[in-house]
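Chemist: Sequence plus predicted model, see below.
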Amino acid sequence: MTLATLVFVSPDTSALRGLPNRPKMLLAALVAARTFREINVVNRVRPATFARHVRRGAPMLRGGLLGIRRRLPDGTTLIEHPWPFGALERRFLRALVRGLAGQSPDSTVVWVADPKSVSGVTRGRNPAPWRVVFDAYDAWDRSPLVRGRRRQRAVREGYRAAAARADVVFANTVAMHDRLRSLGAARVVLLPNACPPVDPVSDRVAVRGTGLIYVGRIHERFDADLALAVTSALPGTTLTIAGPVERQPAGWETLVAQPNVRLCGPVPSGEARSMIAASAALVVLHRVDDYTRSQDAMKAWDAIASGTPVISTPIPPASDWPAGLAEVCADAAGFIAAARRAVDGDLASGRPARLAFARANQWSSRAALAIEAIEGAVARPVSPGR
């Protein structure tokens, strides 16, 4: 079955340079699947970013508001707008989707990856003529990076609107699956993150790494005290930390003062994967709370695809993987012991299982699952009471 139009409403990812996120990876997999005849990516950007991009795209008016569009090399159409979430974005999105759906609203799917944008593609109490899909990844309202009561309220309202109006809700973790179900969503499909393609070199050659590496954004979720315990227990082992420091977590200054801690700052995704492949283990040093239980650390998937061991606190994805695939540690003593085993090479025997798991859990398989769920929703008539 070929669907007519996909409108992919994505959060602005320009600030995540070098760190590909879930919407980008799912979008790429959906494009590669060639299920939709037309794909439009709608991106809300900062006004300054929009001003810089104006000359790169063709101007368009929707609902009396300005946007720009341009064709991308992968065949998709990128539509950017500067309108903040709320009344202005709703006005722009509703007019935009109405125009893109044209005479085929029944075969038009609107995929929303930002809860603040849900109300822009639904119609309040009346069902939208197109199908709405919501990707519930991470509990945004519990993130320390989503600041301000208005923004947090908009996120919570978006979750409620998605539960009430979306035809399908995808959830990256069991925590988000259960949360959307508790809000009343009728159809929630668990859609975890996935692995990049297994590097043929990684498949043939095992690199014997000696150091530990953490890759990701640094803020309050990062457990600097746990990292300090590991580096203190293994003074001859380097902990490399790669990623932007959004906000310094408690204990950060003490940690980075250690002689065996190396800061890299943001690195391109390809370089990050090479660094992971050359390490003894990827360490997921996240505190355990409602926010991190809602997340699905993408770099853990990257590590598995290179055969590199993963050592994690009891949070997704490691906590949801088959037993023994990763080292899931409930306390500092367990984490230190696992790190020592990784540095000593004792976790190398699990490499074939890690690579096999990676090959079985590609983004293409996630796209196939998503498309199957979407096609099922399109095949069903719209319920007037939805």
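Modeler: On my side now, so go ahead. Numbering: from 1, shown residues only.
Chemist: and L263, helix, strand or coil?
Modeler: strand (DSSP: H, G, I helix; E, B strand; the rest coil).
Chemist: how many other residues sit next to it?
Modeler: Residues near L263, counting by other C-beta atoms under 10 Å, number 13. (Glycine included, C-beta is placed from N, CA and C.)
Chemist: how about it, what does it touch?
Modeler: 241, 256 (C-beta atoms under 8 Å, 6 or more residues apart in numbering).
Chemist: Mind doing that once more with 6 Å?
Modeler: I241 (C-beta atoms under 6 Å, 6 or more residues apart in numbering).
Chemist: if I look at it, how far off is S274?
Modeler: Noted for L263: a distance of 18 Å to S274, by C-beta to C-beta, to the nearest Å.
Chemist: now the strands: where do they sit in the stretch 101-250 of the chain?
Modeler: For the stretch 101-250 of the chain, the strands defined by DSSP state E, counting those that start in this stretch occupy 108-112, 131-136, 168-171, 188-190, 212-215, 239-242.
Chemist: can I get those in TSV with distance to S349 and mean neighbour count?
Modeler: Output for those, formatted as TSV (distance: least, C-beta to C-beta, whole Å; neighbours: other C-beta atoms under 10 Å):
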stretch	distance to S349	mean neighbour count
strand 108-112	41	27
strand 131-136	36	27
strand 168-171	33	26
strand 188-190	30	17
strand 212-215	19	25
strand 239-242	23	22
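Chemist: Dump those to a markdown table, plus distance to A303 and mean pLDDT.
Modeler: Output for the strands of the stretch 101-250 of the chain, formatted as a markdown table (distance: least, C-beta to C-beta, whole Å; pLDDT from 0 to 100):
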| stretch | distance to A303 | mean pLDDT |
| --- | --- | --- |
| strand 108-112 | 28 | 95 |
| strand 131-136 | 23 | 95 |
| strand 168-171 | 23 | 97 |
| strand 188-190 | 21 | 97 |
| strand 212-215 | 9 | 98 |
| strand 239-242 | 13 | 97 |
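Chemist: can you list those in TSV and add distance to L325?
Modeler: Shown next, in TSV, are the strands of the stretch 101-250 of the chain (distance: least, C-beta to C-beta, whole Å):
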stretch	distance to L325
strand 108-112	30
strand 131-136	25
strand 168-171	21
strand 188-190	18
strand 212-215	18
strand 239-242	22
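Chemist: Which one, of these, ends up nearest to H286?
Modeler: Nearest to H286, of all the strands of the stretch 101-250 of the chain, is strand 212-215, at 9.5 Å by C-beta to C-beta.
Chemist: ok, residues contacting that closest one?
Modeler: Strand 212-215 has contacts (C-beta under 6 Å, 6+ apart) with 239-243, 272, 275-276, 279, 281-283, 285, 299.
Chemist: Which ones among those residues map onto helices?
Modeler: Using DSSP state H, 272, 275-276, 299 are the members of the contacts of strand 212-215 that sit in helices.
Chemist: Farthest pair within the residues you listed?
Modeler: Spatially, the most separated pair among those is M275 and K299, at 10.3 Å (C-beta to C-beta).
Chemist: In terms of neighbours, single out the busier of the two.
Modeler: Between M275 and K299, K299 has the larger neighbour count (other C-beta under 10 Å), namely 23 against 20.
Chemist: ok, now how distant is the residue nearest to the more buried one when sequence neighbours are not counted from E327?
Modeler: In space, and not counting its chain neighbours, K299 is closest to V215: 4.5 Å by C-beta to C-beta, 6 or more residues apart in numbering. Remark: distance between V215 and E327 (C-beta to C-beta) = 17 Å.
Chemist: Tell me where the chain has helices.
Modeler: Listed in chain order, the helices of the chain (DSSP H) span 22-33, 47-53, 87-101, 149-165, 174-182, 200-204, 224-233, 252-256, 269-277, 290-294, 298-305, 332-343, 351-360, 363-379.
Chemist: and for the second one, what are the contacting residues?
Modeler: It refers to helix 47-53. 80, 82.
Chemist: Report the residue spans of the stretch 1-150 of the chain with pLDDT below the cut-off.
Modeler: Confidence mapping of the stretch 1-150 of the chain against pLDDT under 70 gives the ranges 1-2, 12-20, 124-126.
Chemist: how many neighbours does I276 have?
Modeler: The burial count assigned to I276 is 27, neighbours taken as other C-beta under 10 Å.
Chemist: again with I39
Modeler: Residues near I39, counting by other C-beta under 10 Å: 23.
Chemist: Tell me which residues touch it, please.
Modeler: 6, 76.
Chemist: 7 Å instead?
Modeler: Contacts for I39 were tallied using C-beta atoms under 7 Å, 6 or more residues apart in numbering; they are 6, 8, 31, 76.
Chemist: which one of the residues you listed is nearest R156?
Modeler: Of all the contacts of I39, R156 sits closest to F8, with 23.0 Å by C-beta to C-beta.
Chemist: What distance do you get for that closest one to A171?
Modeler: F8 is 18 Å from A171, by C-beta to C-beta.
Chemist: With R341 as the reference, measure out to the closest residue to P84 other than its chain neighbours.
Modeler: Nearest residue to P84 in three dimensions, chain neighbours excluded: R44, at 7.7 Å (C-beta to C-beta, 6+ apart). Remark: distance between R44 and R341 (C-beta to C-beta) = 45 Å.
Chemist: Those two: which is more packed in?
Modeler: The neighbour count for R44 versus R341, taken as other C-beta under 10 Å, is higher for R44 (24 against 17).
Chemist: That one bridge partners, please.
Modeler: R44 forms beta bridges with H81, as assigned by DSSP bridges.
Chemist: Can you tell me which of the contacts of strand 212-215 is closest to R123?
Modeler: Using C-beta to C-beta, those come closest to R123 at K299, 38.6 Å.
Chemist: shaky segments in the stretch 251-386 of the chain?
Modeler: Along the stretch 251-386 of the chain, the parts satisfying pLDDT under 70 run over 378-386.
Chemist: measure R165 to I68 for me?
Modeler: 28 Å.
Chemist: what does D135 give?
Modeler: 24 Å.
Chemist: With S279 instead?
Modeler: Distance of S279 to I68, computed by C-beta to C-beta: 42 Å.
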